[in-house]
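J.: Next come a sequence and a model predicted from it.
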Amino acid sequence: MGFVSILSFAHQCAAARVRPGDVVVDATLGNGNDAMFLAKLVGDSGVVYGFDVQEQAIRKTGERLEAEFGAAGHIRLLLASHAEMEAHLPPDVHGHVAAIMFNLGYLPGDDHSVITRPDSTLPALEAATRLLKKGGIVTIVVYPGHEGGAEEARAVDAWCSGLPQERFQVLQYRFTNQKNSPPYLIAVEKKLS
Ligand code: SAH
């Protein structure tokens, strides 16, 4: 059978903590895979907020969501940096978000110069930990293989390792014998008590 893939493990982490009606965030829409997955988990009574800085990602994700769910009102796609996510989420959901998913790096097949960068990724992670409810989770798929990726991975690793263990549990899921700096997952859970 083998171990589940990095992306599947990220989905399992979210699925275990997200219920219908929850508020969730896809911080890096890209092709919209995480947004689709999250929209199924929260259903019509929940809300998915999605962020990307490229119009193409917003358009593509919007088309996929509409094909699957119709013109449902429970999806809010925003052409904005995830570093500003707090300003885009209504104050009453701050501290009540069940899952926030990041998939770093560049959009496959597109302009590889648009990559996530530490100067916005770290503020976005800070914001994510504030938005999260107790028992909620942030998943971060980290891509150290492209130019700029290793630097971002080091920054994300250091930031995650520095989170206080009284309030957060931080897990890494990583294949350690693969070539070419493969992606890995960091999951941050806000502790219940
Ligand atoms: N590397 C993944 C896909 C990552 S897509 C894979 O191989 O499957 C990452 C997305 O993040 C891209 O669509 C990019 O436009 C977006 N992005 C980059 N900087 C961002 C920012 N500051 N805020 C929100 N999205 C950002």
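T.: Okay, I see it.
J.: Name the residues of stretch 82-91 that are buried.
T.: 82-83, 85-86, 89 (16 or more other Cβ atoms under 10 Å). Just so you know, the C-beta spots here come from the backbone N, C-alpha and C atoms, and that holds for glycine as well.
J.: just stretch 123-136 next, same as before
T.: By neighbour count with 16+ other Cβ under 10 Å, stretch 123-136 contains the buried residues 123-125, 127-129, 131-133, 136.
J.: Secondary structure class of residue 112, three-state.
T.: Here residue 112 is coil, with the state taken from DSSP: H, G, I helix; E, B strand; the rest coil.
J.: Number of residues surrounding it?
T.: Applying other Cβ atoms under 10 Å, we find 13 residues neighbouring residue 112.
J.: Would you list the phi and psi of it?
T.: Torsion angles at residue 112 (phi, psi; degrees, to the nearest 10) stand at phi -70, psi 0.
J.: The nearest residue to it once chain neighbours are set aside pairs with what?
T.: Once flanking residues are discounted, residue 112 sits nearest to residue 106: 4.7 Å by Cβ to Cβ, 6 or more residues apart in numbering. Beta-bridge pairing of residue 106, defined through DSSP bridges, involves residue 115.
J.: I'd say residue 31 and residue 106 touch.
T.: No. When contacts are counted by Cβ atoms under 8 Å, residue 31 is not listed as touching residue 106 (11.5 Å).
J.: what do those two both touch?
T.: Counting by Cβ atoms under 8 Å, 6 or more residues apart in numbering, residue 31 and residue 106 have no shared contacts at all.
J.: from the buried residues of stretch 82-91, which two are the most distant?
T.: Farthest-apart pair in the buried residues of stretch 82-91 is 83 and 89; separation 13.0 Å (Cβ to Cβ).
J.: can you list residues touching both of these two?
T.: In contact with both residue 83 and residue 89: no residue, using Cβ under 8 Å, 6+ apart.
J.: Report pLDDT for the residue nearest to residue 43 when sequence neighbours are not counted.
T.: Nearest non-adjacent residue to residue 43, counting by Cβ to Cβ, 6+ apart: residue 20, 4.1 Å away. The confidence metric pLDDT takes the value 97 at residue 20.
J.: who's in contact with residue 20?
T.: Residue 20 makes contact with 41-43, 45-46, according to Cβ under 8 Å, 6+ apart.
J.: Check residue 14 too.
T.: Residue 14 makes contacts with 24, 37-38, 41, 99, 101, 137, 139, as judged by Cβ under 8 Å, 6+ apart.
J.: Next SSE downstream of the strand or helix carrying it?
T.: Applying DSSP states H and E as the criterion places residue 14 in helix 6-15. Downstream of helix 6-15, the next assigned helix or strand under DSSP H and E is strand 23-26.
J.: Dump that next one to PDB, restricted to CA.
T.: The C-alpha trace of strand 23-26 is given here as PDB (Å, rounded to 0.1, in the frame of the first residue of the first chain):
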ATOM      1  CA  VAL A  23     -15.200  28.400   8.100                       C
ATOM      2  CA  VAL A  24     -11.900  27.400   6.300                       C
ATOM      3  CA  VAL A  25      -9.200  29.100   4.200                       C
ATOM      4  CA  ASP A  26      -7.200  28.000   1.100                       C
END
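J.: Many thanks, have a good one.
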